[in-house]
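Undergrad: here's a sequence, model it:
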Amino acid sequence: MRASSWPMVTSPALSSTPLAVPLGAEETGVHLAAAQAQGVLDLATPSGRLAARIGAAVAENETEMRVERQVLGHQRRRESGRPFWSTRPFGFERDGTHRDEEAEALQQAYRDVLAGVSLWSIAKDWNAREPLSPHGKEWRSSNLRGVLLKPRNAGIQTYSQWVEKPDGRRVRVTEETGTANWEPLVSEGMFRALARYLSDPERNTGGGGKRKALFSGVVRCSKCQAVVTQGWSKKNATGERYRIYTCSGGRCITCPADPLDSFVVRKVINRAEEWNQAPATDAADEEREAELLAEEVATSERRTALAEMFAVGDIDASTMRAGIGRCDADLARVRTELADLAAKRVRVDLGDVEYLWEELDYEDPDRIDYVRTVVMQVCELVELMPRGRGVRGFKPDHCRISFRNP
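TA: Model (predicted):
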């Protein structure tokens, strides 16, 4: 009901100070009136109460119509694929076109993260070059992560709504509603590869970029497949200690850190020439990606059709749920393969890798990050092998490396 049609209490002594009361208050014997633009309704009479109730019904109808228009407007915007952003997003203009400097920074960030560069290092670089956020704030790992995980960067339109949970809590749920009509910044496969990488619970974030262990969180234990972390040895006869890598799954294996770092980096340098000469793209992969994208569109349309068939009564709820379940499984499979293809094609320029070892500076997190990026690009798996009882030091057979195909 509009505020102007609330019923008012008047009294001979306080006629200038009306109070809002329910319509049934006339049963108490007080005199009721409602102030409107056309005048005062006397709610003590049947005609006055009728006019007030009609006004309340009209006001309620206007509210419902406004809500319906808003819902239909949102639906038309989703179907058209037009950008509808309350503020300008990073990398885009309000009309969906790209802002070149920001778009290039985002595209490079996707490649860097998938190649192993930390969010902290990217944020530090962005702050130095001053591509600030649309709100003028500096970048941190947290807000950079949020921007990279926006589906709009891959040309995917989303719709958010509040949903009430069984326990009474209201949560905001965002769903993908299809392909948008603005030009994407990155491919869908690259976006899904990065989303999977950032959501990996085993990913080691490196403590805000201050990690001083080259392979902490990268090398794995060959016994339990847990990642290794940096530690320190016990004091030797001279009272000195040295860095070691230790299995985080239960100290299955330990190994001196400096010899392992040197061994892996030298192996990568030997592999780099072959890697640099290999082509960056594969025609078969590009053809497969096109097939997967077409299959994703067809599966999404089939999922939408099932919901529409249920809405008009062509199928029952159990049939709809079973069909949507199969569609969701197919979408998960397609998107996983798209992410694998995109991650496979991400490459870094290894450059003059013969100087890679000289780049390693444990006092400079950026240099450590660069060496890690190259190693993670070339190596698919680095495992720490058991050294055996009583064996001290490091030997080449204490480390097993599986290289990626260039």
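
Undergrad: mind checking the backbone torsions on the most centrally placed residue in the chain?
TA: The centre of the chain sits closest to L149, judged by CA atoms, centre = their mean, with a distance of 2.9 Å. Dihedral angles of L149 (phi, psi; degrees, to the nearest 10) stand at phi -90, psi 10.

Undergrad: what number of residues lie near the residue nearest to it when sequence neighbours are not counted?
TA: Leaving aside its chain neighbours, L149 sits nearest to A195 (5.8 Å; criterion: CB to CB, 6 or more residues apart in numbering). Using the backbone N, CA and C atoms, a C-beta is placed for each residue, glycine as well. Look at A195: counted by other CB atoms under 10 Å, it has 15 neighbours.

Undergrad: is it correct that A195 is in contact with G146?
TA: No - counting by CB atoms under 8 Å, A195 stays clear of G146, with 11.8 Å between them.

Undergrad: what residues does stretch 395-406 touch?
TA: 219, 222, 255, 260, 263-264, 267, 271, 274-275, 277-278, 377-387 (CB atoms under 8 Å, 6 or more residues apart in numbering).

Undergrad: gap between it and the chain center?
TA: 33 Å (CA atoms, centre = their mean, to the nearest Å).

Undergrad: now that stretch: mean pLDDT?
TA: For stretch 395-406, mean pLDDT rounds to 83.

Undergrad: go on, stretch 180-191?
TA: 85.

Undergrad: which helices and strands does the one helix or strand E274 maps to pack with?
TA: Element membership for E274, per DSSP states H and E: helix 257-277. Using 3 or more CB pairs under 8 Å, 6 or more residues apart in numbering; DSSP states H and E, the elements in contact with helix 257-277 are strand 243-247, helix 356-359, helix 365-378, strand 379-384, strand 399-403.

Undergrad: point out where this structure drops to low pLDDT.
TA: 1-40, 74-81, 177-178, 200-212, 273, 275-282, 343-366, 390, 406 (pLDDT under 70).

Undergrad: state the next helix or strand along the chain beyond the biggest helix by length in the chain.
TA: Secondary structure of the chain per DSSP state H: the longest helix is helix 46-80. Going down the chain from helix 46-80, the next helix or strand is helix 100-114, by DSSP H and E.

Undergrad: in that next one, which residues are buried?
TA: 102-103, 105-107, 109-114 (16 or more other CB atoms under 10 Å).

Undergrad: pick out the most distant pair among those.
TA: Spanning the widest gap among the buried residues of helix 100-114 are E102 and L114, at 19.2 Å by CB to CB.

Undergrad: returning to that earlier point: for the helix holding E274, buried residues please.
TA: 257, 259-261, 263-265, 267-269, 271-272, 275.

Undergrad: got the angle for it vs helix 365-378?
TA: In terms of direction (axes from the mean of the first three to the mean of the last three CA atoms, to 10 degrees), helix 257-277 departs from helix 365-378 by 60 degrees.

Undergrad: between helix 257-277 and strand 379-384, how big is the angle?
TA: 160 degrees.

Undergrad: right, and the helix or strand after helix 257-277?
TA: By DSSP H and E, the next helix or strand past helix 257-277 is helix 283-311.
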